[in-house]
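Asker: sequence first, then the predicted structure, then my questions.
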Amino acid sequence: MEHSRAIEHLSRDERLGQVIATVGLPPLTADGDLYRGLLRAIVYQQLSGKAAGTIFGRFLGLFPDGYPHAQQLATMEPETLRAVGLSRQKLSYLQNVANFFLDGQIEAEKWSQWDDEAAIQHLTQIKGVGRWTVQMLLLFNLGRPDIFAPDDLGIQQAMIRLYDIRESGRALRQRMAAIAEPWRPYRSYACRYLWRWNAP
């Protein structure tokens, strides 16, 4: 039902409506596992999808049941993590997330009570976790309907192409935000359509 409302609302934007008419997307879903999502996002930082997927698969293979339990990860030897292709910086970030979880600061049942900005401020306390990363988690792991990430390269490329944007830098982000403002409260859906439309 929300998916249908989102399509109807976003299609009022003529250019975005043309994208929606040509791109098929399933409804927004959420697995709720913010902890695992954070670990995956860190592994994927600054890597191609294929390389990151290989490393993340090897990383999960370090755990007997294939799930990176925080207690095991927090106490794992750095050499073990390095052996699957993780840099020293990334393995420290992963263990930061595990320790944050063990401190009780990533509890799934709380997130329904947190607004998007509060969640971003809370999770970016973790060294290695930035604003964009949390925005992706809110969208893909919690299924939040109104996330807009102007720093995402894919969204930038799609909007530049679709709206003939000439600005760059800060002016580009301001123009993107202005275009996206009428998309509220369904900006997550708009982003998903733009990603799919702009994909090679």
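Answerer: Everything's here; your move. Residues are numbered from 1 along each chain as shown.

Asker: for the helix ranked longest in the chain, buried residues please.
Answerer: In the chain, assigned by DSSP state H, the helix with the most residues is helix 88-102. For helix 88-102, a neighbour-count test (16 or more other Cβ atoms under 10 Å) marks 90-91, 93-98, 100-101 as buried. C-beta here means a position set from N, CA and C on the backbone, and glycine is covered the same way.

Asker: repeat that for stretch 42-54.
Answerer: For stretch 42-54, a neighbour-count test (16+ other Cβ under 10 Å) marks 42-45, 47, 52 as buried.

Asker: got these as CSV, with pLDDT and secondary structure columns?
Answerer: Converted to CSV, those look like this (pLDDT from 0 to 100; DSSP: H, G, I helix; E, B strand; the rest coil):
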residue, pLDDT, secondary structure
I42, 93, helix
V43, 93, helix
Y44, 88, helix
Q45, 85, coil
L47, 81, coil
A52, 90, helix
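
Asker: for the residues you listed, which one is nearest I126?
Answerer: I42 (9.3 Å; Cβ to Cβ).

Asker: leaving out chain neighbours, which residue sits closest to the closest one?
Answerer: Y93 (4.9 Å; Cβ to Cβ, 6 or more residues apart in numbering).
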